[in-house]
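**Q** what's the 3D shape of this:
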Amino acid sequence: MSNTSATDHIPLSNVLSALGTLIGYIGTEVATDDAFYRLLWPHRGFSNFSLRNAWKVAIFMPLGGPLHKTALETMDTFFNHGLFQGELCGQMLGTAFFPDTNMTYQLFQDGLFKREASVRNGLWVKVLNRMSSRATKAIPGLQETERKMESSHTGARDRRQIFTVHYLQLSVEEEHNSRPIAKDMIVESDVGPVTPKILMAIATSEITAIAVAIAVMIIWKSAFMIIWLIPLILKLLGAFLTLARQDVLIPKPKASASIATASGNNEEVDSSTICPASKLLVSTKQGFQVICGPEEIVLQFFRHYGHPRRRRWKEIIGIALIAALGLNFPVFLVCSLIWMPVKLQCVWTIYVLYVTGVMYISRYVHGEWWATTEEQLADKFIRAEEIPSQPNILFRSANGSCLLARLTQTTHDSHSSAKAHAVKLLSASSTTTSHALKKPEEKDLLYQTAARDSAVL
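**A** So this is what the prediction gives:
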């Protein structure tokens with residue numbers, strides 16, 4: 001009988017050891033590289049921080065959990081892209097320094113296809129992807145006559161999914177000459193130096209760790225409180241030592257004899273804007289994106305906008321910070337099992353369990369968008385829809401030049417009808433004079449082409 005009771009009694013330290021090992025296993029499987037993306041580009045990751053979303057940042061973004069597997073995969077990416085080889089060696093695109101969307105776009109000019117290329121980091125594409133995640137019932141559909149016309153050409157019958165077509169118009173405009181735009185509809189570019197707001201966001205993301213560290217210091221007066229502050233220290237180092245980024249170069253607007261028209265509803269655009277001549281088509285799982293604007297400006301967002309300016313010592317520090325975050329959990333797991341008092345070990349285990357739990361939640365509620373520039377721009381577009389007097393938002397570069405953005409969205413009952421509408425936007429005139437389609441048969445041919453391509457897809 002005594003032997004049975006002795007066997008049934010398991011020391012608490014052994015339970016905590018087993019639990020910590022289990023957390024390390026299940027937690028590292030759910031961690032994403034989004035945390036390292038924010039670490040290396042804090043301005044992009046926290047530019048939309050505010051009191052309104054501070055609770056999400058505080059609850060769901062601590063980095064005191066198991067990140068070792070994700071950190072190792074990120075380091076492998078650095079290695080495979082050649083960033084370990086030396087100064088100016090390797091490619092940053094596709095790494096945590098400059099993530100790649102792995103998407104492509106098609107460039108059209110005057111309704112004619114020119115070429116296909118990679119989206120690369122693609123700020124506006126990410127913004128429109130963010131818009132696609134909102135409730136589609138808030139987006140208007142086509143007029144009934146237009147819907148019947150599309151259906152007659154595409155042969156759409158069953159409604160299997162709602163597809164969205166985003167039509168984004170970008171134009172250059174001087175801020176002091178622009179139409180009245182509310183201050184809260186202006187978005188600053190996210191390539192500048194770190195700001196107090198970014199630092200506040202970083203501190204808020206580790207507020208739970210700070211609270212536990214203070215409690216440990218007050219109750220146990222233990223130097224182990226530093227364990228909870230390590231992620232905050234690493235984040236702040238990343239913010240102060242982050243690489244500078246390439247800004248968008250927006251020239252001053254020039255007078256133009258042509259006046260652009262909105263292809264979707266044939267409304268004239270104010271003549272103070274530059275007339276866009278090129279359109280880009282991006283296909284997504286949610287529908288299509290048509291981005292219209294001056295080619296020399298729009299393509300910057302598909303090439304080098306936000307690309308890090310190479311500084312070898314800062315690159316090494318960024319890589320070292322990711323390695324340190326990856327080692328954080330396994331190192332302190334060993335420390336907790338060997339040196340920590342049992343009660344303090346319980347606190348650490350519970351906290352790591354909490355961090356692992358919120359990582360699971362944020363993974364499936366689009367936590368990677370929270371407080372980002374993409375979310376900020378998407379929120380402005382949604383607000384522009386709700387306020388008819390403010391149909392545009394202003395994107396301002398570091399030198400004060402401004403880019404006017406206007407978004408029109410429609411929903412469609414089938415992939416083929418959505419594609420037909422996107423093709424219609426691409427083929428529509430960019431000016432009121434020479435580039436309009438001259439024959440109705442040409443439009444019919446475009447619809448037939450869209451239907452045929454959709455059937456192949």
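**Q** what helices and strands are in contact with whichever strand or helix holds W228?
**A** For W228, the host element (DSSP states H and E) is helix 226-240. For helix 226-240, the elements it packs on are helix 34-40, helix 42-46, helix 196-205, helix 207-219, helix 312-338, judged by 3 or more CB pairs under 8 Å, 6 or more residues apart in numbering; DSSP states H and E. In this view, the C-beta of every residue, glycine as well, is placed from N, C-alpha and C.
**Q** show me where pLDDT drops low in the stretch 201-350 of the chain?
**A** Scanning the stretch 201-350 of the chain with the threshold set as pLDDT under 70 gives 252-277.
**Q** let's see that with 90 instead.
**A** Under the criterion pLDDT under 90, the flagged ranges of the stretch 201-350 of the chain are 249-277, 285-286, 333-338, 340-342.
**Q** show the pLDDT at T4.
**A** Per-residue pLDDT puts T4 at 46.
**Q** the closest residue to S401 other than its chain neighbours - how many residues pack around it?
**A** Nearest non-adjacent residue to S401, counting by CB to CB, 6 or more residues apart in numbering: I250, 3.6 Å away. Residues lying near I250 (other CB atoms under 10 Å) number 22.
**Q** I250 in helix, strand or coil?
**A** When classified by DSSP: H, G, I helix; E, B strand; the rest coil, I250 comes out as coil.
**Q** now it, what are its backbone angles?
**A** phi -110, psi 110 (degrees, to the nearest 10).
**Q** correct me, but it touches A398?
**A** No - I250 is beyond contact range of A398, at 10.2 Å (criterion: CB atoms under 8 Å).
**Q** relative to helix 312-338, how tilted is the helix or strand N14 falls within?
**A** According to DSSP H and E, N14 maps onto helix 12-30. Orientation of helix 12-30 against helix 312-338 (axes from the mean of the first three to the mean of the last three CA atoms, to 10 degrees) gives an angle of 150 degrees.
**Q** which helices and strands does helix 12-30 pack with?
**A** Judged by 3+ CB pairs under 8 Å, 6+ apart, helix 12-30 is in contact with helix 68-80, helix 312-338, helix 342-363.
**Q** which residues does it contact?
**A** Contact partners of helix 12-30, identified using CB atoms under 8 Å, 6 or more residues apart in numbering, comprise 65-70, 329-330, 333, 336-337, 342, 345-346, 349, 352-353, 355-356, 359-360, 363.
**Q** can you do 6 Å?
**A** 65-66, 68-69, 333, 337, 342, 345, 349, 352-353, 356, 359-360, 363 (CB atoms under 6 Å, 6 or more residues apart in numbering).
**Q** that helix vs helix 342-363, what angle?
**A** Going by the same axes, to 10 degrees, helix 12-30 makes 20 degrees with helix 342-363.
**Q** for helix 12-30, list every residue counted as buried.
**A** Across helix 12-30, burial judged by 16 or more other CB atoms under 10 Å covers 16-17, 19-20, 23-24, 27-28, 30.
**Q** one more: stretch 202-211?
**A** Residues of stretch 202-211 classed as buried by neighbour count (16+ other CB under 10 Å): 202, 204-210.
**Q** between the two ends of it, what distance do you get?
**A** Using CA to CA, to the nearest Å, the end-to-end distance of stretch 202-211 comes to 14 Å.
**Q** same question for stretch 290-301.
**A** 14 Å.
**Q** just to be sure, V165 is in a strand?
**A** Yes - per three-state DSSP, V165 lies within a strand segment.
**Q** which residues sit in contact with it?
**A** 287-288, 410, 418, 421-422.
**Q** rewinding a little: out of the helices and strands packed on helix 12-30, which comes closest to V298?
**A** helix 68-80 (28.2 Å; CB to CB).
**Q** show me what that closest one is packed against.
**A** The helices and strands touching helix 68-80, judged by 3 or more CB pairs under 6 Å, 6 or more residues apart in numbering; DSSP states H and E, are helix 312-338.
**Q** what angle separates the helix it packs on from helix 226-240?
**A** Using the same axes, to 10 degrees: helix 312-338 against helix 226-240 is 170 degrees.
**Q** now for helix 312-338, which elements pack on it?
**A** Using 3+ CB pairs under 6 Å, 6+ apart, the elements in contact with helix 312-338 are helix 68-80, helix 226-240.
**Q** what comes up buried for that helix?
**A** Neighbour-count burial for helix 312-338, counted by 16+ other CB under 10 Å, picks out 314-315, 317-319, 321-326, 328-329, 332-333, 336.
**Q** which one of the residues you listed is nearest to I387?
**A** Taking CB to CB as the measure, I387 lies nearest G318 of the buried residues of helix 312-338, at 40.2 Å.
**Q** distance of the closest one from T372?
**A** Counting by CB to CB, to the nearest Å, the gap from G318 to T372 is 19 Å.
**Q** likewise for D33?
**A** In terms of CB to CB, D33 sits 14 Å off from T372.
**Q** more neighbours: which of the two?
**A** Counted by other CB under 10 Å, D33 and T372 do not tie: T372 has more neighbours, with 25 against 19.
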